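K.L.:
structure, please.
(chains A, B and C)
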Amino acid sequence: MASSFPPLSRDFYDRPVTIVAQEVLGKLLVGKEGRRLTVGRIVEAEAYLSCGDDACHAAKGPSRKNAAMFGPPGHAYVYVIHARHCVNLVTEPTGVPSAVLVRALEPLSGLDLMHERRGTEVVLDLARGPARLCEALAIDRTLNGWDLTRGQKLWLADDPAATPFEIRTSPRIGVTSAFDLPLRFYVAGNRFVSKLKRGEF
DNA sequence: CTACCGATTGACT
DNA sequence: GTCAATCGGTAGA
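P.N.:
Residues are numbered from 1 along each chain as shown, chains lettered A, B, ... in the order given. Here you go, the predicted model:
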């Protein structure tokens, strides 16, 4: 393997969720199934807050489904919605239920495998959208609670080829409450960001 | 047990 | 632009 993609440490996740949601932009999300790697650059993410955020799955207290959000930072919270998977990165200290939803990736490596899993030849559709990227990286609920600092199956890594970019902010996509909070962050000018409207770039 | 819902997607007008 | 399929989680009978 040309690059080993060392995983980000737990310290990266053990910070305020709105900070992490912006700092994950430009990081690499690495999926490993057996010996096969799929890698994408995170270009869009949303923060879900532990307090005052009705759209957060933890807003009504702990349950079997959201237990991972109450656990230690640096673990995955995977849930199912509309028969599709979405992945979050748990942030802040144990007991503080906040997380970053990864909404879109720019595919970098393992494109053949992503095409195979997604059933499309369109590169733009491989990982643009929270459920699409999960399908592209084979993320399902067996990875709920997975420790992202292990460097196995699923983790985050720095991009050795990172270049500066501008961060844009907007309300979150699809939420049915707290839709006024500006907690969605994305890389300006990147085509792999989901749900771009006319005039946004 | 049944009923309803959603941090979505893809097909269609 | 609109709309319905999809299915695990959750609430309620």
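
K.L.:
which residues of chain A lie near DNA strand B?
P.N.:
Applying CB under 7 Å from any atom of the strand, we find that chain A lies next to DNA strand B at A:46, A:48, A:55-58, A:69, A:77, A:79-84, A:86, A:88, A:99, A:101, A:118, A:120, A:125, A:129-132, A:172-176, A:194. To be clear about C-beta, it is placed using only N, CA and C from the backbone, and glycine gets the same treatment.

K.L.:
just the buried ones among the residues you listed, please.
P.N.:
A:46, A:48, A:55-58, A:69, A:77, A:79, A:86, A:88, A:99, A:101, A:118, A:125, A:129-132, A:172, A:175, A:194 (16 or more other CB atoms under 10 Å).

K.L.:
in strands, which of the residues you listed appear?
P.N.:
Residues of those located in strands (DSSP state E): A:Glu46, A:Tyr48, A:Tyr77, A:Tyr79, A:Cys86, A:Asn88, A:Ala99, A:Leu101.

K.L.:
pretty sure A:Asp11 sits in a strand.
P.N.:
No. Counting by DSSP: H, G, I helix; E, B strand; the rest coil, A:Asp11 is not part of a strand but helix.

K.L.:
so how far is DNA strand C from it?
P.N.:
Distance, A:Asp11 to DNA strand C, using CB to the nearest atom of the strand, to the nearest Å: 29 Å.

K.L.:
okay, that residue: pLDDT?
P.N.:
What the model reports for A:Asp11 is a pLDDT of 98.

K.L.:
so what's it up against?
P.N.:
Residues counted as contacts of A:Asp11 (CB atoms under 8 Å, 6 or more residues apart in numbering): none.

K.L.:
A:Leu105 contacts A:Leu133, doesn't it?
P.N.:
Yes. Counting by CB atoms under 8 Å, A:Leu133 is a contact partner of A:Leu105 at 4.8 Å.

K.L.:
residues touching the closest residue to DNA strand C within chain A, list them.
P.N.:
Nearest residue of chain A to DNA strand C (CB to the nearest atom of the strand) works out as A:Lys65 at 2.8 Å. Contacts for A:Lys65 (CB under 8 Å, 6+ apart) come out as A:His57, A:Tyr79.

K.L.:
quick one: it is in a helix?
P.N.:
No. A:Lys65 is assigned coil when assessed by three-state DSSP, not a helix.

K.L.:
the residue positioned nearest the centre of chain A pairs with what?
P.N.:
Geometric centre of chain A, nearest residue: A:Val102, 2.0 Å, by CA atoms, centre = their mean. Taking DSSP bridges as the rule, A:Val102 bridges to A:Ala45.

K.L.:
A:Arg198 versus that one, what's the distance?
P.N.:
Counting by CB to CB, to the nearest Å, the separation of A:Val102 from A:Arg198 is 25 Å.

K.L.:
who touches stretch A:131-139?
P.N.:
Surrounding stretch A:131-139, the residues in contact under the criterion CB under 8 Å, 6+ apart are A:29, A:31, A:33, A:38, A:40, A:76, A:78, A:81-82, A:84-87, A:102-105, A:107, A:114, A:117-118, A:125-127, A:140, A:154.
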